[in-house]
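K.L.:
Here's my sequence, what's the structure:
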Amino acid sequence: MAASTSDGGSVKQSNNSTSEDTEPSTEEFCPGFKDVDAFVKHGLGAVVAATKASACLPQAGDEFDFYRSFPGFQDFCAIQGDRLLQTMSQLMQHYGCSSLMKDRNKLTGLEDRFDLVVESNDVVLEKVGIMLDEASGMNRSQPVMPTGYQPPKIVVSSWNRKVRGRGAQTFCLLQAKNIQRPQLKFKEKVDNSNTPFVSKIFIKPNATKPLPSCEPEDLDVPAALADFIHQLRTQEHMDDMFSHPYQYELDHLVMPQHLGHKPEPQMYKPLAETSCKFIDTLEDLVALNEKLAKTTEFAVDLEHHSYRSFLGITCLMQISTREEDFIIDALELRSEMNVLNESFTDPTIIKVFHGADLDIEWLQKDFGVYVVNMFDTHQAARSLNLGRNSLDHLLKVFCDVDSNKRYQLADWRIRPLPGEMLQYAQADTHYLLYVYDRLRADLFDAANGQPSLVQVVWSKSKDLCLKKYVKPIFTEDSYMELYRKQKKSFNSQQLMAFRLLYSWRDKMAREEDESTGYVLPNHMMMKIAEELPKEPQGIVACCNPTPPLVRQQLNELHQLIKQAREIPLLKGVNGSRHVLQTPDITFYLTILVSASFSSCPHRNPNQRWSPVL
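P.N.:
So this is what the prediction gives:
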């Protein structure tokens, strides 16, 4: 017969079972706790209480020095310190770590103890990671297949259950280790070069001002190059090269008249009764663009991936009209997505986004798509002072829909997409036009029936459309921004190692098209620079787990550390060797003449340029 499991973990057998079998099991998870949930609840309470208590301690500085002047306070601190060190030593012994916390040199004891805590923390977290993998069904002893994809498993356990209100919500863990990198199939290679971003747009629909010309035509190479250099010396041409392609159109854009009237919200169709089409061919994309061109508004959202790419990849685009939903495979149609510029830049069509700050930049970077005439529901929620401005909150308030966030951390490079992920993506824009109606109505009510607040939101949305994607540029002083955030004081050797590691990481991330966090996370890079390992295995010991590219380039990293150890040792170096001046015309000449000719979308495709400066 079927068995049913109680919350305490016992199993009841039906029918032919003895009286002993029907009694609940009294076995405890651990002494004093009947199950995992009780143990976690108690542990969380203890951590919260300890955190609150530590916040009440005298602050470092004059306050602490004042209390320190009393012998009773000194004795109390000494007793409590010994208790804490003894407790930490017992925990370290339990996990097989070095635990001689008290037997330390008085001069270097604090630093040694800190290192022991860091090492033990790494060991404990690694074991926790292994246990979580086992709980999710992963077996680390099994080899990772190079290609192919297995459908994700939904893991239900106490450690991943999020309880809200009446029910429980589980998270879906997606394992994306076996996904083939979509960059390998891109028709246009990803440009990770250390040069400024040049717009990908080469045809400008709905233009009132044409695109600027990158180079004069019908001239031989030397004359064209001389003329190009001459044009670079004029500020007007420099502004054209790096300005927003639709700057003029957006500056002269006027709010549509119908936004000046209070709307009558148009109810959305039920999600299950709305057709949703998956677009993965150019023909379907063109048909969708033609359909959008006949509408007065449509909703847009993007799904992005940034961990296995230096600049990030837009994987999916969701579009909803009043009648239909569409999901576009932005990986398959990456080089054709600019077709949508015809509808996205049409000033008579309102594009509804929620929190479009990053979406606007991703559209420019990956597709050369720009937006003219947008309404951002996030900006509307802020103007109404709703307290919470997230999309899931708006869906709950206006649509009584609980947003399913199980897939918010999913890897959107997965192909084919599971049905649950497609439904999640569809829901992101399905209700957005109704939310747009409700927010506009509330803005009118908040302004006593006047369109002033709507005008404010629309103007802020227009400013977002003017955002330009800025490509990360590496300079000799780029490492200083991260170094200052860490609030650590390195000596000259450590700082040199950090600078060399930062430069190596940037170079590898660009070459391999990986994020810097995948190549070498910040905390590992700081650890290596601080420790200055003398042997390659010392570098591995600073990384837990060791990133793949670090293991591959271990000898090169060892040489960088060795190079840093050879410079004179100076204490308390701040690292600012010189102040980076504003780039002059020579900087732009070097970058533009060497890169823009080969990648500029406005140039004559029959010409081939290879200038050398």
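
K.L.:
which stretch of helix or strand covers residue 555?
P.N.:
helix 554-565 (DSSP states H and E).

K.L.:
Show me where this protein has its strands.
P.N.:
With DSSP state E, the ranges of strands along the chain come out as 4-5, 11-12, 153-154, 161-164, 167-170, 172-173, 276-279, 297-305, 313-320, 325-329, 350-353, 374-376.

K.L.:
Go through the helix holding residue 555 and flag the buried ones.
P.N.:
557-558, 560-561, 564 (16 or more other Cβ atoms under 10 Å). Using the backbone N, CA and C atoms, a C-beta is placed for each residue, glycine as well.

K.L.:
what residue ranges in the protein score low on pLDDT?
P.N.:
By pLDDT under 70, the low-scoring segments of the chain are 1-27, 29, 61, 98-112, 133, 136-178, 213-241, 572-613.

K.L.:
which residue sits closest to residue 434, ignoring its sequence neighbours?
P.N.:
residue 268 (4.4 Å; Cβ to Cβ, 6 or more residues apart in numbering).

K.L.:
Contacts only, for the one you found.
P.N.:
When contacts are counted by Cβ atoms under 8 Å, 6 or more residues apart in numbering, residue 268 touches 399, 430-431, 433-434.

K.L.:
What number of residues are in the vicinity of residue 84?
P.N.:
Neighbour count of residue 84, defined by other Cβ atoms under 10 Å: 11.

K.L.:
Correction: the previous question concerned residue 117.
P.N.:
Residue 117: 14 surrounding residues under other Cβ under 10 Å.

K.L.:
picking up where we left off before, most neighbours out of the contacts of residue 268, which is it?
P.N.:
residue 430 (25 neighbours).

K.L.:
Surely it and residue 274 touch.
P.N.:
Yes - Residue 430 is within contact range of residue 274, at 6.5 Å (criterion: Cβ atoms under 8 Å).

K.L.:
Show me what the longest helix along the chain is packed against.
P.N.:
The longest helix of the chain (DSSP state H) is helix 109-135. For helix 109-135, the contact count by 3 or more Cβ pairs under 8 Å, 6 or more residues apart in numbering; DSSP states H and E identifies helix 71-94 as packing neighbours.

K.L.:
buried sites along the helix it packs on?
P.N.:
Going by neighbour count (16+ other Cβ under 10 Å), the buried part of helix 71-94 is 85, 88-89, 92.

K.L.:
What of stretch 39-54?
P.N.:
Neighbour counts over stretch 39-54 (16+ other Cβ under 10 Å) mark residue 39 as buried.

K.L.:
Centre of the chain to that stretch, how far?
P.N.:
30 Å (Cα atoms, centre = their mean, to the nearest Å).

K.L.:
Please, where are all the helices along the stretch 251-400 of the chain?
P.N.:
Ranges of helices in the stretch 251-400 of the chain, per DSSP state H, counting those that start in this stretch, are 282-292, 341-344, 357-367, 377-383, 391-394.

K.L.:
How about the residue positioned nearest the centre of the chain: what's its closest non-neighbour residue?
P.N.:
In the chain, the centroid-proximal residue (Cα atoms, centre = their mean) is residue 306; its distance is 5.9 Å. Using Cβ to Cβ, 6+ apart and skipping residues adjacent in sequence, the residue nearest residue 306 is residue 312, 3.9 Å away.

K.L.:
if I look at the one you found, how far off is residue 365?
P.N.:
Distance, residue 312 to residue 365, using Cβ to Cβ, to the nearest Å: 8 Å.

K.L.:
Equivalent analysis for residue 434, please.
P.N.:
In this view, residue 434 and residue 365 are 30 Å apart by Cβ to Cβ.

K.L.:
now do residue 273
P.N.:
From residue 273 across to residue 365, the span is 36 Å (Cβ to Cβ).

K.L.:
So which of these two has more stuff around it?
P.N.:
Set side by side, residue 273 and residue 365 show more neighbours around residue 365, with 21 against 6, by other Cβ under 10 Å.

K.L.:
Apart from its chain neighbours, what residue comes closest to that one?
P.N.:
In space, and not counting its chain neighbours, residue 365 is closest to residue 469: 4.6 Å by Cβ to Cβ, 6+ apart.

K.L.:
Enumerate every residue touching that neighbour.
P.N.:
Applying Cβ under 8 Å, 6+ apart to residue 469 gives the contacts 197, 361-362, 364-365.

K.L.:
again, but for residue 412
P.N.:
With contact set as Cβ under 8 Å, 6+ apart, residue 412 has these partners: 303-305, 315-316, 421.

K.L.:
can you put the residues you listed in a markdown table and add distance to residue 50 and neighbour count?
P.N.:
Converted to a markdown table, the contacts of residue 412 look like this (distance: Cβ to Cβ, whole Å; neighbours: other Cβ atoms under 10 Å):
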| residue | distance to residue 50 | neighbour count |
| --- | --- | --- |
| 303 | 39 | 24 |
| 304 | 38 | 16 |
| 305 | 38 | 21 |
| 315 | 42 | 23 |
| 316 | 43 | 22 |
| 421 | 40 | 22 |
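
K.L.:
would TSV of these with distance to residue 203 be doable?
P.N.:
Converted to TSV, the contacts of residue 412 look like this (distance: Cβ to Cβ, whole Å):
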residue	distance to residue 203
303	26
304	25
305	28
315	25
316	24
421	33
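
K.L.:
And those, which two are furthest apart?
P.N.:
304 and 421 (14.2 Å; Cβ to Cβ).

K.L.:
Please name the bridge partners of the residue lying closest to residue 39 once chain neighbours are set aside.
P.N.:
Spatially, and ignoring its direct neighbours in sequence, residue 39 is nearest to residue 33 (4.2 Å; Cβ to Cβ, 6+ apart). Per DSSP bridges, residues listed as beta-bridge partners of residue 33: residue 30.

K.L.:
Out of the contacts of residue 412, flag the one nearest to residue 553.
P.N.:
Closest to residue 553 out of the contacts of residue 412 is residue 305 (24.0 Å), distances taken as Cβ to Cβ.

K.L.:
The closest one and residue 414 touch, don't they?
P.N.:
No - applying Cβ under 8 Å, one finds residue 305 not in contact with residue 414, separated by 9.8 Å.

K.L.:
if we can go back for a sec, list the helices and strands the helix holding residue 555 packs on?
P.N.:
With contacts defined as 3+ Cβ pairs under 8 Å, 6+ apart, helix 554-565 has these neighbours: helix 492-512, helix 522-531, helix 536-541.

K.L.:
in the shortest one, what's buried?
P.N.:
Spelled out, that is helix 536-541. Buried residues in helix 536-541, counted by 16+ other Cβ under 10 Å: 539-541.

K.L.:
so how far is it off the chain centroid?
P.N.:
Worked out by Cα atoms, centre = their mean, helix 536-541 lies 29 Å from the chain centre.

K.L.:
Just the CA atoms of that helix, as PDB, please.
P.N.:
Provided in PDB are the C-alpha atoms of helix 536-541 (Å, rounded to 0.1, in the frame of the first residue of the first chain):
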ATOM      1  CA  PRO A 536      52.000  27.200  -7.800                       C
ATOM      2  CA  GLN A 537      50.100  25.000  -5.400                       C
ATOM      3  CA  GLY A 538      49.900  28.000  -3.000                       C
ATOM      4  CA  ILE A 539      47.800  29.800  -5.600                       C
ATOM      5  CA  VAL A 540      45.500  26.800  -5.800                       C
ATOM      6  CA  ALA A 541      45.200  26.800  -2.000                       C
END
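
K.L.:
what's it in contact with?
P.N.:
The contact list for helix 536-541 (Cβ under 8 Å, 6+ apart) reads 528, 531, 533, 546, 550-551, 554-555, 557-558, 561.

K.L.:
What of stretch 200-211?
P.N.:
For stretch 200-211, contacts defined as Cβ under 8 Å, 6+ apart pick out 245-246, 248-249, 252, 338, 341-342, 345-347, 364, 367-368, 370, 372, 601-602.

K.L.:
And for stretch 555-567?
P.N.:
492-494, 496-497, 500-501, 504, 528-529, 532-536, 539, 550.

K.L.:
Restricted to buried residues, select the residues you listed in ChimeraX.
P.N.:
Command for ChimeraX that selects the buried part of the contacts of stretch 555-567, burial taken from 16+ other Cβ under 10 Å:
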select :492,493,494,496,497,500,501,504,528,529,532,533,539,550
